[in-house]
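In: with the sequence up front, the predicted model follows.
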Amino acid sequence: MQKEEQEVARLNQIAEEANEIKSRFLANMSYNIRIPLNNVVGFSQLLSTDSELSESEKLEYSTIIRENTTELIQLVNDVLDLSRLEAQMMKFQIQDCEIREMCNDLIYMAQMNSKEHIRIELETDVESLWFKTDANRFNQAVLSMLVYPVAQEAERDIKIQLNKEEEKGLLVFHITNSPLSDPAFASQKVFVRHRINQLLFEHFGGSYVVSPNSEDGYLITFTISFRIE
């Protein structure tokens with residue numbers, strides 16, 4: 001009887017801690033959503049009501065509206081994706097993918113996205129391997145580890161190491177000096193992205209670990225199964 005009561009107390013404590021974490025998360029996310037939303041509304045009102053704005057001011061305000069709209073849409077999409085993944089209601093488009101081709105495409109996209117301020121080296125002994133996954137979701141997750149989470153023009157060198165664990169049926173990635181694991185860019189937005197990535201790779205039989213204090217730099221290690229049918 002005493003053991004049962006202790007177990008109930010332990011479970012209640014876990015539930016309370018989970019609710020507290022979720023409450024803090026929602027409060028922080030609400031703050032992050034309000035900022036771009038207020039910018040969109042405020043500058044839209046200025047454009048529509050102030051007839052004395054110069055052409056340069058109109059261009060400046062339009063740029064602010066566009067950038068904040070993009071930020072707002074991304075935040076909402078991330079929260080929706082996180083909710084679907086946690087509820088195991090995410091719909092996936094599974095297809096056959098070749099890992100070396102995907103890595104090369106991701107490196108190209110990341111470097112173009114960062115205007116080539118980021119340089120990426122791929123080191124692997126995997127010559128060619130086909131596996132099944134949701135290519136769009138996979139690309140979105142990996143790309144998030146290769147680009148700055150906020151606008152940045154600092155030069156950065158990133159290294160991707162890709163290996164295969166045949167016995168476990170896993171592809172193992174080590175991404176060194178990832179901006180996403182750099183404490184300098186820590187935010188609620190980054191926390192949500194980490195959580196999405198974790199749940200995504202776990203869904204495909206893998207794992208996701210962030211090591212911001214690694215000796216090799218800001219390291220992210222993730223795995224994905226190549227034996228999922």
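Out: Arrived safely.

In: check which helix or strand F173 maps to.
Out: Here F173 sits within strand 170-176, counting by DSSP states H and E.

In: can you list the low-confidence ranges for this protein?
Out: Along the chain, the model assigns pLDDT under 70 to residues 1-31, 214, 216, 228-229.

In: so the residue nearest the centre of the chain: helix, strand or coil?
Out: Note on the chain: the residue nearest the mean C-alpha position is R193, at 3.1 Å, using Cα atoms, centre = their mean. Taken by DSSP: H, G, I helix; E, B strand; the rest coil, the conformation at R193 corresponds to helix.

In: and for E101?
Out: Put simply, E101 is helix when judged by three-state DSSP.

In: how much space between it and S207?
Out: As judged by Cβ to Cβ, to the nearest Å, E101 and S207 stand 23 Å apart. Where you see a C-beta, it was placed from the backbone N, CA and C, and this is true even at glycine.

In: same thing with D134?
Out: From D134 across to S207, the span is 17 Å (Cβ to Cβ).

In: what about the two, which has more around it?
Out: A direct count of neighbours by other Cβ atoms under 10 Å for D134 and S207 places D134 higher, at 19 against 13.

In: ok, and the closest non-adjacent residue to the more buried one?
Out: Residue nearest to D134 in three dimensions, not counting chain neighbours: F92, with 4.2 Å by Cβ to Cβ, 6 or more residues apart in numbering.

In: part of a helix, is that neighbour?
Out: No. When three-state DSSP is applied, F92 is found to be coil, with no helix at that position.

In: got the contact list for it?
Out: D134, R137, H203 (Cβ atoms under 8 Å, 6 or more residues apart in numbering).

In: for D157, same thing?
Out: D157 is in contact with I118, R119, I120, E121, N177, counting by Cβ under 8 Å, 6+ apart.

In: my guess is the first one contacts M145. True?
Out: No. Because the distance of 11.1 Å does not satisfy Cβ atoms under 8 Å, I118 is recorded as not touching M145.

In: between the two, what contacts are shared?
Out: By Cβ under 8 Å, 6+ apart, I118 and M145 have these common neighbours: P179.

In: I'd like the next helix or strand past the strand or helix carrying G42.
Out: For G42, the enclosing helix or strand under DSSP H and E is helix 2-49. Next helix or strand after helix 2-49 toward the C-terminus (DSSP H and E): helix 55-86.

In: okay, buried residues for the helix or strand that comes right after that following helix please.
Out: Following helix 55-86 in sequence order, the next helix or strand is strand 94-98 (DSSP H and E). For strand 94-98, burial by neighbour count (16 or more other Cβ atoms under 10 Å) applies to C97.

In: equivalent analysis for stretch 160-175, please.
Out: Under the neighbour-count criterion of 16+ other Cβ under 10 Å, stretch 160-175 has I160, Q161, L162, K164, G169, L170, L171, V172, F173, H174, I175 buried.
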